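Student: this one's sequence-less:
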């Protein structure tokens, strides 16, 4: 696997919406599987209201394509109902992989 690039996204759920956000992220796995350029995709819980996504790519084209893909679209559609604030999406360079 030629992992070079990634996104680290953090999400804050509205009060009482943490479990809904977790279920939304679980469902996102199927969308990630359909993206050939997304090498790995992780959704995680930090605490009851803070969640995250970490996904990896081999190329910048793949990373940028992900931002225009179905997962980003679904997140945008659900944001008003589930999120307390805009997600923080940070592009990162992967230094080492095991």
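Tutor: Sure thing, it's come through. Bear in mind that the values here come from a model prediction, so they are computed numbers and not experimental data.

Student: which residues touch the spatially most central residue of the chain?
Tutor: By Cα atoms, centre = their mean, the chain has its centre lying nearest to residue 53, at 3.6 Å. By Cβ atoms under 8 Å, 6 or more residues apart in numbering, residue 53 lies in contact with 7, 8, 9, 11, 25, 28, 41, 42, 43, 44. (Each C-beta comes from the backbone N, C-alpha and C, glycine too.)

Student: among those, which are located in strands?
Tutor: Among those, DSSP state E puts 7, 8, 9, 11, 41, 42, 43, 44 in strands.

Student: farthest pair within those?
Tutor: 11 and 41 (14.2 Å; Cβ to Cβ).

Student: more neighbours, the two?
Tutor: When neighbours are counted by other Cβ atoms under 10 Å, residue 11 comes out ahead of the other of residue 11 and residue 41, with 25 against 19.

Student: my read is that that one contacts residue 50, right?
Tutor: Yes - when contacts are counted by Cβ atoms under 8 Å, residue 11 is listed as touching residue 50 (7.2 Å).

Student: now do the phi/psi pair for residue 63.
Tutor: Main-chain torsions, residue 63, degrees, to the nearest 10: phi -60, psi -50.

Student: as CSV, the contacts of residue 53 with distance to residue 58 would be great.
Tutor: Shown next, in CSV, are those (distance: Cβ to Cβ, whole Å):
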residue, distance to residue 58
7, 14
8, 17
9, 19
11, 25
25, 23
28, 20
41, 14
42, 17
43, 20
44, 22
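
Student: just the buried members of the residues you listed?
Tutor: Neighbour counting by 16 or more other Cβ atoms under 10 Å classes 7, 9, 11, 25, 28, 41, 43 among the contacts of residue 53 as buried.

Student: retrieve the pLDDT associated with the nearest residue to the fifth one once chain neighbours are set aside.
Tutor: Nearest non-adjacent residue to residue 28, counting by Cβ to Cβ, 6 or more residues apart in numbering: residue 71, 5.5 Å away. The predicted structure scores residue 71 at 91 on the pLDDT scale.
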